[in-house]
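1. Turn this into a structure:
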Amino acid sequence: MPKPFKPSVKLNESHVTDESVYMNRRSLLKSMGFVGASTLLAKSAGAAGWFWEDEEEKAAFKGKALEFSQPPKFQIAETRTPEDKVTSYNNFYEFGTSKDAPAQNATEFQTNPWTLKIEGMVKNPIELDHDALTKRFPLEERIYRLRCVEAWSMVVPWIGFELGALLKQADPLMSAKYVAFETLYDPKQMPGQRSRFTGGGIDYPYVEGLRIDEAMHPLTLMSVGLYGKTLPPQNGAPVRLVVPWKYGFKSIKSIVRIRLTDKKPPTTWNRLAANEYGFYANVNPNVSHPRWSQASERRITTGGLLARNRIDTQIFNGYSEVAPLYKDMDLARYY
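-> Sure thing, here's the model as predicted:
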């Protein structure tokens, strides 16, 4: 189990960098061409629970209105993160490593036409085109908590359908044990895939995986929208995974392939740093990241860089109904 994070120094208000200085430093890094340098700032700021706003850099997006139901059990009474923050503070390294880069760099991202393939160990392989993503299954709005491994969180009204409904139509073979996911690989559209510097040193395409029982759980969602409209490009358009009891990096974006397999699939962050990012990645306040504690999180609601809204992190991000999936498992070992 990783050692708990202990700060090396104690800070008070006089140590806090003025917000204008911090913003100017980010502008300076950009002007010097250090796009990749924002990785350090983004990771450090995320772990510290900071959030910045830059109104001039936000890209306008007009999504298509969606028709959906609102099951009462998913309309939780928690303050939603404002839409402008959900759509401007993103980890999507295919478009850059700073939090504001995806909104800036994905404005021309083309998602129609699109093909999502469900293949591998299934009896009925499926291909969904762009229209089928929003029309094949009844859509629901589900307000989920989103917990990032960087110790910040949001509350997001996703719109989508259960992954389990899609997998049932594909009819997995009894021997299928895992579900592998793959993001679009298109360096022409995704600058982070063209340059290891811009894309954070990741080997693309981005890949993720779940056990089949995790994939079939009713909470596991294929999201095609948020805040009543289709997904913005920076949030994973046209279709992404949402697994609310796991850290955000498991919720892979812009998916083009789902493959059923009998072997545990590789996952991008685990492949990059296995000691920091496990295959399971269940939210767990009792297992620290090697470089920071996971005991609490900064809930992003309103306010700017220095706004304080820290809350205690809950096991499985508060979704206790998934606990039976991990009965008798050592959650510190299988992190």
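2. Next, count neighbours for the closest residue to Arg299 other than its chain neighbours.
-> Of all residues not flanking Arg299 in the chain, Asn309 sits nearest, at 4.8 Å (C-beta to C-beta, 6 or more residues apart in numbering). (Glycine included, C-beta is placed from N, CA and C.) Close neighbours of Asn309, defined as other C-beta atoms under 10 Å, add up to 16.
3. Is it correct that Asn309 is in contact with Gly303?
-> Yes: assessed by C-beta atoms under 8 Å, Asn309 is found in contact with Gly303 at 7.2 Å.
4. need the contact list for the residue nearest to Arg299.
-> Counting by C-beta atoms under 8 Å, 6 or more residues apart in numbering, Asn309 touches 298-301, 303.
5. do Leu116 as well
-> Taking C-beta under 8 Å, 6+ apart as the criterion, Leu116 is in contact with 127-128, 133, 239, 255-258.
6. ditto for Leu331
-> 280, 282, 284, 286-287.
7. Doesn't Asn322 lie inside a strand?
-> Careful, residue 322 is Val and not Asn. No: the assignment for Val322 by DSSP: H, G, I helix; E, B strand; the rest coil gives helix, which leaves it out of any strand.
8. Skipping adjacent residues, who's closest to it in space?
-> Trp245 (4.9 Å).
9. what's the neighbour count on that neighbour?
-> Number of residues near Trp245 (other C-beta under 10 Å) recorded here: 28.
10. Thr302 now?
-> Look at Thr302: counted by other C-beta under 10 Å, it has 11 neighbours.
11. if I read this right, it contacts Arg80, doesn't it?
-> No: counting by C-beta under 8 Å, no contact exists between Thr302 and Arg80, whose distance comes to 10.8 Å.
12. If you go by neighbour count, which of the contacts of Leu331 are buried?
-> Among those, those that count as buried by neighbour count (16 or more other C-beta atoms under 10 Å) are 280, 282, 284, 287.
13. pretty sure the first one contacts Ala332?
-> Read it as Tyr280. No: the pair Tyr280 / Ala332 is not scored as a contact, 11.0 Å apart, by C-beta under 8 Å.
14. correct me, but Ser175 touches Asp262?
-> Yes: between Ser175 and Asp262 a contact is recorded at 5.1 Å, counting by C-beta under 8 Å.
15. Counting neighbours, go ahead and name the busier of those two.
-> Set side by side, Ser175 and Asp262 show more neighbours around Asp262, with 13 against 9, by other C-beta under 10 Å.
16. what's the distance between the more buried one and Leu241?
-> Plainly put, Asp262 is 21 Å away from Leu241 if you go by C-beta to C-beta, to the nearest Å.
17. Report how many residues lie close to Pro266.
-> One way to gauge burial is a neighbour count; for Pro266, by other C-beta under 10 Å, it gives 13.
18. before we move on, the earlier item: now do the shared contacts for Ser175 and Asp262.
-> If you check Ser175 and Asp262 against C-beta under 8 Å, 6+ apart, the residues they both contact are Met121.
19. Now do the contacts for Gln110.
-> Contacts of Gln110 (C-beta under 8 Å, 6+ apart): Gln189.
20. Just to be sure, it is in a strand?
-> No: residue state for Gln110 (three-state DSSP) corresponds to coil; a strand is not indicated.
21. How about Thr111, nearest residue that isn't a chain neighbour?
-> Closest residue to Thr111 in three dimensions, ignoring its sequence neighbours and counting by C-beta to C-beta, 6+ apart: Pro238, at 4.2 Å.
22. right, and the one you found touches Asn112 too?
-> Yes: using C-beta under 8 Å, Pro238 and Asn112 qualify as a contacting pair, with a distance of 7.2 Å.
23. returning to that earlier point: so which of the contacts of Leu116 are in strands?
-> When DSSP state E is applied, the contacts of Leu116 are split such that 127-128, 255-258 fall in strands.
24. So which of those residues wins on neighbours?
-> Counting neighbours by other C-beta under 10 Å, Ile258 comes out on top of these with 25 neighbours.
25. give the contact list for the nearest residue in space to Lys246 that is not next to it in sequence.
-> Nearest residue to Lys246, sequence neighbours excluded (C-beta to C-beta, 6+ apart): Ala281, at 4.9 Å. Counting by C-beta under 8 Å, 6+ apart, Ala281 touches 149, 246-247, 249-250, 335.
26. Can you verify Lys117 is assigned to a helix?
-> No: under the criterion used here (three-state DSSP), Lys117 is strand, not part of a helix.
27. How confident was the prediction at Met23?
-> According to the prediction, Met23 has pLDDT 35.
28. That concludes my questions; thank you for your assistance.
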